[in-house]
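**Student:** below is the sequence, then the predicted model.
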Amino acid sequence: MGGPNSCNDTERKITDDNSDPSSQFSCQNENFSTASRPDTRHKNKRKKNEDSSYSSTETLRKIHLTGEITRDDIIQLYSITKPICQGCRGNSKESPNCFCGLIPPSNGTKKTGLWQRMSEIISSLGPDPCKDLRDSTDTPAGLTNLGATCYANSILQCLYMNTSFRSCIFSIEPDFFKQHPVLDQLGRLFVQLHSSKMSFIDSAPFIKTLELDDGVQQDSHEFLTLFLSLLERYLSHSKVANARTAVQDLFRGSVSHVTRCSMCGKDSQASSKVEDFYELELNIKGLSNLDESLDDYLSLEVLDGENQYFCCSCSKRVDATRCIKLCSLPQVLNFQLKRYVFLPKTTTKKKITSAFGFTRWLDMGKRLSNPPQSGLIYELSAILIHKGSAANSGHYVAHIKDENSGQWWEFDDEHVSNLGYHPFGEISKGNVKSHLKNQLVNSTPASCATSGFNAPMQEEVFSSSDAYMLMYNLRTDKENKDDLRKIVMGDHDSKSSYLPSHLDEEMGTLNTSYENSCAEYRKRKETEQSRITERRQEVKLVLSKAPVDPGGASYFWISMEWLRQWTDTIIPPPTFTVSGVAVKSLSAVPCSCIDNSPIQCAHGKVPISKVTSMKRLSDAAWQMLLSKYGGGPTLSNDDICIDCLRDEAKTAVCADDYRDKKASLRQLAEAALAGKYLDGRLYFVSRPWLLQWLRRKNVDFPSDTDAGPTASLRCSHGNLLPEQAPAAKRVLVPERLWLFFLEFSASSKSDGSLGFSTFSSESEPCETCSKELKNVACLEDDLRASKLKQRQNHEKLIMGKGFPLFPGLKYYLVPSSWLAEWKAYLIATGKNISSCEKPENLEVIIDSLICQKHSHLLERPLELVYKRGVISQKVSTTKGLVLIPETDWSLFCEEWNVPEDKGISAEIVVASSLSKLDGSCENIPIFVESTDEHMNEANDGTDVGKLLIRTYPQTCEVCIGERESSELMHKLCYSDEVICVHLVRGKEPPKYLIEASTSVSEPDRRASKRSRRTSSGNSVNLRVSGSTSIYQLKMMIWEAFGVVKENQKLHKGSTEIDDESATLSDKSIFPGDVLWVTDSEIYANRDIADELSEHKIEPGQSEQGFRGTLLTSDVSVLNFQEI
């Protein structure tokens, strides 16, 4: 055998022979053409090189026979000359020169690791604060929804976007802010909405200060009214004059309720009383637009008949008129559209979803009690929208106009969208858009008055089916507007100069901190991206240099497992600092140093068995990895393990011999199983083992099963088991086949031990085991004889044949459950014997039927049945006591060693009166199943209505009642169980539905909610609990069958189920019950969503509104002394 140098020379020679440029070009061209074929059905399948496998086997056989290893043998067995792959989809284990599939294609990615999408790697750095960056302060900011605070967010945005109100809040003195937490949080919120760099503001501090429940949806109109009232009380003690009356000046108007006598024409004394308002509540039911609602609000009401008015001037009840008069209007006029109406019949609220129209411009001057000469022009500034069909749920958004730019914005909590110059974001056609835009921004009340509202803007009407509040701002001429701005803002002209100084400084600090966090995140992101890019370039560079040059003399082996991990792992970068704290990349997974131990044999070299688990690296690639990551051990081309190669050759040859010999002896083994050709010396082997040996698919090597052909035939004493023993089935095999088993079983044991015994055909079974088996067989024979005798003694009980019962005869009682177990035990055969255990001792069972407290019977006998003149008992296998004849009881006492006097005797008696007899069971009814008029005569005139079962001892009704009550309560406390509901479409329900009012559901049975069609209608299985109300059950039936709740006539048996507030437990509806329902078709069908949105409010769960918050608490206002 040549040395390593000669091996390298041979390898170099072979690689030189294969380095023909034309051959390389043809190989690459072939790979390219294969990759570019349109047919990719088998693109992931690799064709095995059968010639190479065959030559490797021959090479190993040659090495085993001659003991010599040539250079060509090593090159062939280690697949050194296999061509370098190009364009393969997966990595080939058969070639140590294939590096395909370790990294994805140029445009490909992986789900994890270094080659996943860059965005997924960057996401491990945490949330990007730059996503929340506000475009500019000209773009409004949103407010966070804490759960159900959209109603407050919408109102706060409407108040903030009103520049006059915002300026009043900003003009409050700093000390006053500190004294009132609500004002302080409102000011901070407005400053953040004004100057924050973030696109949305956290509203939690403000909501918490008002003590609002962020998980309960409230009415936005009620919130606005209470909040303005609270602000008015707070601001009334401010030292700033403009702020002190800001709420009154901007939002408060006044009305009077005028009642006028139709006879004397005088107004009532109460008519002179003026009431303040923050908004006008307008009816919209049956009305189509805002003008109609205002006409309805200001309309005259005639008081006549029973509603006549008592006039003090006339001193009698007279006809009169009543109306509302607008005395003064605020600068911001709010209309609350009454979309929710109360339904007295159902005590619920229902939302009116009809469309309602309103104009952009509104002249309210003509509607005042004293109209002004120049008119009173209002412009639409905000629309509060409620989305959803339910009154107590849904979602609030606000569409608000920016007073400076004239553009509309939609405020949906954190999300703010630009709607352009239309309140609903619609795009006008042609030149109307630009014309309206110019009018909306630059028009003045004077131009409006001059045009007499005949301009296109007067005709601009909007419509919405969800608008809940409308806000209009008073439009004045330029001089009035400047005066108003001067009054409200004082001497502050700059956009930011009028912010409260202390809040402005805090806002600057917050913005700086936020900008720093954004800049820091961008820096971390750029660092991470550059590091990932650099890491990917490193992997690509090493893999590009990995293939060994055909002319290269040296190369190195590397573990494929480590190489795959290295190409897919993000190496942790150096530690960097964030805010003074050392931080490491969260996306990095540490990659250890080079680990070649998995491909190293016990001799410290490269074994041939690891060829599929390693790759061949060039010297340049290996040095790059080793210099950076270290580790090892270094396994070069000189580290081929010759010892392992010889062992592998020996194993391969043995496998071939084993396969060939097994194939030649297979027919002999099959003949042995069939009992043929049994000549010469014979040996016992396990029959199941031999069958398994024949069925084995892997026939190349002996396995552990080959080492035990007689393991199951050897007893604990080391001898041959009798053939009657369990799992001791055997077969005789010829000596030739036995020697084959002996040879390869010994070779499969590393220690050379056989691990099994040899039993020839002359071997005798173990005497000890034979005696034990005979004893067991005797016991089984005795048991079979005992069972046979009991079956013969109790033939009628075993066959389940009923026998007639007669009054006056003596019977005995046994539990039906014990009797069922006893029957199953006696008739079990074959494999069922092991599963049917012997029933419990009868004496113990009888003792358990007597209560310790009263010494009475704890169970009742089963019900009696009278049919065709014969009295019998109902059949049950789970509960109740069964009557058996006295002869059967005597035999039971003999068979089970029970004293006869312990029996529970019973007899059927005829009651002479309606009074209860001692020891009788009056709760056991007589079921008459015959309609024969002469059935009493057939029974010797016995009155079936007065037959009773008298027991000795008598039944303990007290203990039985307590137990049944406990069982009933336990049965009613169920959860997630199944009941069946049938929809009956005919006039009369089928008989089986009335009789199947209760049924036992099978445990662990999957219940489908799918409706099934029957001859009389549909049926559905519903999952319910004992606490499920009848109302909830009817809603399920509505959803399943489409029958509205009011039309459902629900029954259990022949009893109708009503009272929707009751639970299923209250109505004794158990799991597995069968209910039936009919459709009365009295009420019209409607959508189930309407009912779900109008569910009844249970007593004690009425709307709480803002109770318990600062909006409804008594505010103790501090008295400020003038300094």
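**Tutor:** Now that the structure is in, tell me what you want to look at.
**Student:** low-confidence regions, the stretch 351-500 of the chain specifically.
**Tutor:** 391, 426-459, 476-497 (pLDDT under 70).
**Student:** all helices of it, in order?
**Tutor:** 432-442, 445-451, 478-489 (DSSP state H, counting those that start in this stretch).
**Student:** do a quick rundown of the strands in the stretch 501-650 of the chain.
**Tutor:** 555-559, 576-578, 581-583, 594-595, 614-618, 631-632, 635-636 (DSSP state E, counting those that start in this stretch).
**Student:** mind telling me which of those strands the model trusts least?
**Tutor:** Lowest mean pLDDT within the strands of the stretch 501-650 of the chain: strand 576-578, at a mean of 40.
**Student:** for the most centrally placed residue in the chain, which non-adjacent residue is spatially closest?
**Tutor:** Centroid check for the chain by C-alpha atoms, centre = their mean gives D976 as the closest residue, at 17.2 Å. Nearest residue to D976, sequence neighbours excluded (C-beta to C-beta, 6 or more residues apart in numbering): R1023, at 5.5 Å. In this view, the C-beta of every residue, glycine as well, is placed from N, C-alpha and C.
**Student:** any idea which element the one you found lies in?
**Tutor:** strand 1017-1024 (DSSP states H and E).
**Student:** please tell me how far the next helix or strand after that strand is from the chain's geometric centre.
**Tutor:** Next in sequence after strand 1017-1024, counting helices and strands by DSSP H and E, comes helix 1030-1041. Averaging C-alpha positions (C-alpha atoms, centre = their mean, to the nearest Å) puts helix 1030-1041 24 Å from its chain's average.
**Student:** what does the next helix or strand after helix 1030-1041 contact?
**Tutor:** Reading on from helix 1030-1041 to the C-terminus, the next helix or strand found by DSSP H and E is strand 1048-1052. Strand 1048-1052 has contacts (C-beta atoms under 8 Å, 6 or more residues apart in numbering) with 989, 997, 1030, 1033-1034, 1037-1038, 1056-1058, 1067-1069, 1073, 1075-1080.
**Student:** go through strand 1048-1052 and flag the buried ones.
**Tutor:** Q1048, L1050, H1051, K1052 (16 or more other C-beta atoms under 10 Å).
**Student:** cool, and stretch 1027-1036?
**Tutor:** T1028, S1029, I1030, Y1031, Q1032, L1033, K1034, M1035, M1036.
**Student:** format these as a markdown table; extra columns: distance to Q623 and pLDDT.
**Tutor:** Formatted as a markdown table, these follow (distance: C-beta to C-beta, whole Å; pLDDT from 0 to 100):
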| residue | distance to Q623 | pLDDT |
| --- | --- | --- |
| T1028 | 75 | 89 |
| S1029 | 79 | 89 |
| I1030 | 83 | 90 |
| Y1031 | 80 | 88 |
| Q1032 | 76 | 88 |
| L1033 | 78 | 90 |
| K1034 | 81 | 89 |
| M1035 | 76 | 87 |
| M1036 | 74 | 88 |
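**Student:** my guess is H395 contacts H386. True?
**Tutor:** Yes. Assessed by C-beta atoms under 8 Å, H395 is found in contact with H386 at 7.5 Å.
**Student:** longest single helix anywhere in this protein?
**Tutor:** Longest helix in the chain by number of residues (criterion: DSSP state H): helix 501-545.
**Student:** let me know the angle separating that one from strand 614-618.
**Tutor:** Compare the direction of helix 501-545 with that of strand 614-618 by axes from the mean of the first three to the mean of the last three C-alpha atoms, to 10 degrees and you get 90 degrees.
**Student:** rounded mean pLDDT for helix 501-545, please.
**Tutor:** 89.
**Student:** for the closest residue in space to Y378 that isn't next to it in sequence, list each beta-bridge partner.
**Tutor:** Leaving aside its chain neighbours, Y378 sits nearest to Y472 (3.7 Å; criterion: C-beta to C-beta, 6+ apart). Beta-bridge pairing for Y472 (DSSP bridges): L333, L380.
**Student:** same check, this time on T951
**Tutor:** In beta-bridge terms (that is, DSSP bridges), T951 pairs with A906.
**Student:** quick one: pLDDT of it?
**Tutor:** pLDDT at T951 comes out at 89.
**Student:** can you tell me how far it is from Y812?
**Tutor:** 10 Å (C-beta to C-beta, to the nearest Å).
**Student:** kindly report the same for I75.
**Tutor:** 94 Å.
**Student:** tell me which of those two has more neighbours.
**Tutor:** Y812 (23 against 17; other C-beta atoms under 10 Å).
**Student:** how about that one: what's its closest non-neighbour residue?
**Tutor:** Nearest to Y812 is W889, by C-beta to C-beta, 6+ apart, at 3.8 Å.
**Student:** thought Q529 was touching S119?
**Tutor:** No. Counting by C-beta under 8 Å, Q529 sits too far from S119 to count as a contact (10.3 Å).
**Student:** quick check on the two: which one has the bigger neighbour count.
**Tutor:** It is Q529, of Q529 and S119, that has more neighbours when counted by other C-beta under 10 Å, with 13 against 7.
**Student:** ok, and the closest non-adjacent residue to the more buried one?
**Tutor:** Q529 sits nearest to M118 (C-beta to C-beta, 6+ apart), 6.6 Å away.
**Student:** next one: T225
**Tutor:** T225 sits nearest to Y278 (C-beta to C-beta, 6+ apart), 5.5 Å away.
**Student:** and what of G880?
**Tutor:** G880 sits nearest to L862 (C-beta to C-beta, 6+ apart), 4.0 Å away.
**Student:** isn't the one you found right up against S876?
**Tutor:** Yes. With contact defined as C-beta under 8 Å, L862 reaches S876; the gap is 5.8 Å.
**Student:** give the residues shared as contacts by those two.
**Tutor:** With C-beta under 8 Å, 6+ apart, L862 and S876 have common neighbours S816.
**Student:** where does the stretch 751-900 of the chain have low pLDDT?
**Tutor:** For the stretch 751-900 of the chain, the ranges with pLDDT under 70 are 751-756, 801, 831, 834.
**Student:** cool, the stretch 1-150 of the chain as well?
**Tutor:** In the stretch 1-150 of the chain, residues with pLDDT under 70: 1-54, 86-88.
**Student:** quick one on the thing from earlier: among the contacts of strand 1048-1052, name the buried ones.
**Tutor:** Counted by 16+ other C-beta under 10 Å, those give 989, 997, 1030, 1033-1034, 1037-1038, 1057, 1067, 1069, 1073, 1075-1079 as buried.
**Student:** let me know the secondary structure of Y234.
**Tutor:** helix (DSSP: H, G, I helix; E, B strand; the rest coil).
**Student:** now do it: how many residues are near it, please.
**Tutor:** With other C-beta under 10 Å as criterion, Y234 counts 21.
**Student:** in space, what's closest to it - neighbours in sequence excluded?
**Tutor:** H180 (5.3 Å).
**Student:** where do the strands sit along the stretch 251-400 of the chain?
**Tutor:** Using DSSP E, counting those that start in this stretch, strands in the stretch 251-400 of the chain cover 253-261, 275-277, 280-283, 301-303, 309-311, 316-318, 320-328, 332-338, 340-343, 348-351, 356-359, 361-363, 377-387, 395-401.
**Student:** in CSV: the ones you listed, plus mean neighbour count.
**Tutor:** Shown next, in CSV, are those (neighbours: other C-beta atoms under 10 Å):
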stretch, mean neighbour count
strand 253-261, 18
strand 275-277, 14
strand 280-283, 16
strand 301-303, 14
strand 309-311, 17
strand 316-318, 14
strand 320-328, 17
strand 332-338, 21
strand 340-343, 13
strand 348-351, 18
strand 356-359, 20
strand 361-363, 20
strand 377-387, 22
strand 395-401, 24
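**Student:** since that was my last question, I'll sign off now.
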